[in-house]
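my questions are about this predicted structure, shown below with the sequence.
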Amino acid sequence: MSEGVKKPLPKITPVSMPFYKAAKEHRLLIQQCKDCQKIISYPKFICPYCMSSNLEWIESCGKGKVYSYTVVMGGVPPWFEEDLPFILAIIDLEEGARLLSWIVGCDPKDVGCDMNVEVAFKDLTDEIALPVFQLAK
């Protein structure tokens, strides 16, 4: 990666702030509607199922399965070139949320659909960490 080229950081908004604050503490939070009890897969102000604003953050156990994945070999912006190849995956958490994330710490040929994974965290800055996943032990 050339000097001066930095990876973009997530845009933290008022609705996503609890998610990122917990991630910095290496905890994975997801939202749940207190009225209909449905899990909400990314931060929202309103439940997409019942339109309630009565939402709460709950802690995920961090375990799930690979729903789908792709191995990215190229064609990425310059700030991701040093990470090639990397595994981008859709993870089905045990609680019912579906997250898009990276699978880290393994050879891409060792990954498959329905494999068990668990959350890990990648510290990007002193203030921001992202949940990533690794093959379950």
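Yes, it's here. Residues are numbered from 1 along each chain as shown.

contacts, neighbours, all on C-alpha from now
Fine.

tell me the buried residues in whichever strand in the chain runs longest?
Counting residues, the longest strand found in the chain (DSSP state E) is strand 63-72. By 16 or more other C-alpha atoms under 10 Å, the buried positions in strand 63-72 come out as Lys63, Gly64, Lys65, Val66, Tyr67, Ser68, Tyr69, Val71.

quick one: strands adjacent to that strand?
Applying DSSP bridges, strand 63-72 is found paired with strand 86-93 (antiparallel), strand 116-123 (antiparallel).

so which of those is nearest Pro108?
strand 86-93 (6.5 Å; C-alpha to C-alpha).

and stretch 80-100, end to end?
16 Å (C-alpha to C-alpha, to the nearest Å).

in that stretch, which residues are buried?
80, 86-93, 95, 97-100.

show me the helices in the protein, by range?
For the chain, applying DSSP state H gives helices covering 17-24.
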